[in-house]
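*Asks:* Kindly return the folded structure for what I paste below:
(one chain, ligands or ions: 2)
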Amino acid sequence: MKLTQLPDEFVQALPVLQTITQAGFEAYFVGGSVRDALLGKKIHDVDIATSAYPAEIKQIFRRTIDTGIQHGTVTVMQQETAYEVTTFRTESGYQDFRRPDHVTFVRSLREDLKRRDFTINALALQHDGTIIDLFAGLTDLENKVIRAVGDPNERFHEDALRMMRAVRFESQLGFTIEANTEVAIRAQHQLLSKIAVERIHDEFVKLMLGQARYNGLVSFVQTELYQQCPDFTNAGPAFKALLKLPTTPLRSEAAVWLLIAQQLQLDSEQVKPFLRHWKSANDLIHAVSTSLPVLQKFLAQQPLSNWDFYQAGLTNVLTANQIAYFYGADVAETTLQSKYQQLPIKQRSELAVNGGDLLQALALKPGPKLGQLLAHLERAVVAAQIPNQKAALIAAATKL
Ligand SMILES: Nc1ccn([C@@H]2O[C@H](COP(=O)(O)OP(=O)(O)OP(=O)(O)O)[C@@H](O)[C@H]2O)c(=O)n1
Ligand SMILES: [Mg+2]
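*Replies:* Ligands and ions are numbered 1, 2, ... in the order given. This next block holds a predicted model:
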């Protein structure tokens with residue numbers, strides 16, 4: 001098969017392929033970019049595979065960066081764009097030189113493609129648009145199938161994260177995992193425990209954000225992969241219940257974790273260690289633990305106070321509302337937006353007095369009293385009990 005029109009990202013990268021070819025080596029576009037181009041999806045990261053060794057690539061190009069030379073990857077700079085160029089490699093076969101992590105560089109494209117995870121990820125694209133399809137990846141793309149290249153057990157032994165990738169692609173692409181591949185995942189799911197949580201985290205979030213989340217989650221549960229994820233050992237019933245909720249796509253990573261926290265019935269204290277076990281970033285932990293009490297108000301059909309809006313911020317309120325929708329407890333977004341816009345102030349720095357003003361006006365000494373006073377004024381202004389004006393605030397402070 002031949003692609004008659006290459007996507008712009010490939011056209012821009014063509015000089016890299018041509019330069020390598022002119023030097024007497026083979027070079028192809030490989031991996032997710034080829035898959036996504038064939039699916040008509042937006043391409044990110046054009047990956048190039050080559051028969052040239054890293055040292056040879058560095059001789060061919062003027063501007064290169066040693067990104068992961070022990071894995072065979074050299075970054076080539078071409079008109080301010082960085083391309084990762086990786087030498088064909090395998091775990092066994094023709095041994096040119098072996099690195100401590102057992103990556104072996106080879107000269108054969110077939111050897112490289114056959115150690116890739118799924119047939120849809122094992123396609124190579126030549127400079128003239130020809131697709132090289134050694135493992136019937138095109139048929140699987142056509143039939144929307146995720147099938148391991150060769151023996152699935154071997155592929156998952158090489159890298160157990162691939163099992164999570166399978167369920168993630170199922171969700172992202174709306175594909176189905178082929179029967180033997182799925183049987184192997186179910187049989188080997190325990191291998192996932194050997195994988196760093198950060199890597200599992202990224203795949204799980206991609207699964208949850210995919211357009212076919214339902215399908216991905218069904219496999220995640222049925223293969224028991226979930227059992228190998230932090231704090232999910234007893235989460236079977238929570239996931240099964242999740243499958244009964246609407247299949248609407250989630251908008252953000254915070255929404256993902258808020259939905260999970262709610263399904264696991266975590267409170268705002270429990271959610272923090274839970275997210276830390278998942279190696280989540282601090283800003284994410286803050287967003288989720290701030291959204292959770294807001295969500296609980298939506299679920300209890302309690303109105304949000306000005307203070308709730310002020311403390312959580314609009315983004316977290318909207319996240320909570322998105323998750324409230326799954327439980328039939330959301331409200332119109334426009335209502336929330338206008339309530340937030342109507343807050344007298346949105347942060348403490350907008351308060352018409354500061355500590356210095358109060359010290360001066362009330363002849364106070366710095367100390368905890370001052371902090372309490374400011375906090376009190378802040379709450380009163382947010383609740384619209386005192387206008388946010390200097391004179392009014394100093395008068396109120398004097399009374400206190
Ligand atoms: N555990 C893995 C990870 C990657 N690959 C191979 O390396 C390619 C690039 O990997 P990566 O960028 O991580 O994934 P993509 O398939 O490109 O998916 P994404 O769109 O998320 O980048 C894959 O297509 C696949 O051929 C693999 O065989 N096994
Ligand atoms: Mg990629």
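*Asks:* Could you report the neighbour count for residue 72?
*Replies:* Using other C-beta atoms under 10 Å, residue 72 has 24 other residues around it. C-beta here means a position set from N, CA and C on the backbone, and glycine is covered the same way.
*Asks:* Can you read off the pLDDT for the closest residue to it other than its chain neighbours?
*Replies:* Closest residue in space to residue 72, ignoring its immediate chain neighbours: residue 87 at 3.7 Å, by C-beta to C-beta, 6 or more residues apart in numbering. Note on residue 87: pLDDT of 97.
*Asks:* how close does the residue of the stretch 1-150 of the chain found nearest ligand 2 sit to residue 46?
*Replies:* Here the stretch 1-150 of the chain gets closest to ligand 2 at one residue, residue 32, 3.5 Å apart by C-beta to the ion. Computed as C-beta to C-beta, to the nearest Å, the residue 32 to residue 46 distance reads 9 Å.
*Asks:* that older thread, quick one: residues contacting the residue of the stretch 1-150 of the chain closest to ligand 2.
*Replies:* 44-45, 47, 121 (C-beta atoms under 8 Å, 6 or more residues apart in numbering).
*Asks:* switch to 6 Å and redo it
*Replies:* By C-beta atoms under 6 Å, 6 or more residues apart in numbering, no residues touch residue 32.
*Asks:* What of residue 372?
*Replies:* By C-beta under 6 Å, 6+ apart, residue 372 has no neighbours at all.
*Asks:* Residue 324 is in contact with residue 330, correct?
*Replies:* Yes: using C-beta atoms under 6 Å, residue 330 is in contact with residue 324, at 4.2 Å.
*Asks:* The two: who's more crowded?
*Replies:* Neighbours per residue (other C-beta under 10 Å) separate residue 330 from residue 324, with residue 324 holding more: 21 against 18.
*Asks:* Pull out the buried positions in the host helix or strand of that one.
*Replies:* With elements taken from DSSP states H and E, the one containing residue 324 is helix 314-326. The neighbour-count check on helix 314-326 (16 or more other C-beta atoms under 10 Å) flags 314, 316-326 as buried.
*Asks:* tell me which strands and helices that helix is in contact with?
*Replies:* helix 253-263, helix 282-299 (3 or more C-beta pairs under 6 Å, 6 or more residues apart in numbering; DSSP states H and E).
*Asks:* Out of the buried residues of helix 314-326, flag the one nearest to residue 342.
*Replies:* Comparing these against residue 342 with C-beta to C-beta places residue 314 closest, at 11.7 Å.
*Asks:* since we're on the residue lying closest to that closest one once chain neighbours are set aside, how many residues are nearby?
*Replies:* Among residues not flanking residue 314 along the chain, residue 340 sits closest, at 4.5 Å (C-beta to C-beta, 6+ apart). For residue 340, the neighbour count with other C-beta under 10 Å is 19.
*Asks:* go on, residue 183?
*Replies:* For residue 183, using other C-beta under 10 Å, the count is 14.
*Asks:* Also the one 4 residues further on?
*Replies:* Residues within reach of residue 187, counting by other C-beta under 10 Å, total 14.
*Asks:* Apart from its neighbours in sequence, what residue is nearest it?
*Replies:* Nearest to residue 187 is residue 153, by C-beta to C-beta, 6+ apart, at 7.3 Å.
*Asks:* buried set for the host helix or strand of that neighbour?
*Replies:* For residue 153, the element it lies in under DSSP H and E is helix 152-158. Neighbour counts over helix 152-158 (16+ other C-beta under 10 Å) mark 152-153, 155-156 as buried.
*Asks:* For it, the averaged confidence score.
*Replies:* According to the model, helix 152-158 has a mean pLDDT of 94.
*Asks:* Tell me which helix or strand comes right after that helix.
*Replies:* helix 161-173.
*Asks:* can you pull the contacts of residue 118?
*Replies:* residue 146.
*Asks:* Dig out what it forms beta bridges with.
*Replies:* Beta-bridge pairing for residue 118 (DSSP bridges): residue 148.
*Asks:* centre of the chain versus stretch 111-129, how much separation?
*Replies:* 24 Å (C-alpha atoms, centre = their mean, to the nearest Å).
*Asks:* Stretch 64-84 too?
*Replies:* Counting by C-alpha atoms, centre = their mean, stretch 64-84 comes out at 24 Å from the chain centroid.
*Asks:* Next one, pLDDT for the nearest residue to residue 251 once chain neighbours are set aside please.
*Replies:* Leaving aside its sequence neighbours, residue 251 sits nearest to residue 322 (C-beta to C-beta, 6+ apart; 5.9 Å). If you check residue 322, the pLDDT there is 98.
*Asks:* Touching, residue 322 and residue 254? I think so.
*Replies:* No: counting by C-beta under 6 Å, residue 322 stays clear of residue 254, with 9.3 Å between them.
*Asks:* ok, residue 132 to residue 33 distance?
*Replies:* For residue 132, the distance to residue 33 - C-beta to C-beta - is 14 Å.
*Asks:* What helix or strand is residue 77 located in?
*Replies:* Per DSSP H and E, residue 77 falls inside strand 73-78.
*Asks:* Check what contacts that strand and list those residues.
*Replies:* Here strand 73-78 has contacts from 15-16, 54, 57, 61, 63-65, 67, 82-86, using C-beta under 6 Å, 6+ apart.
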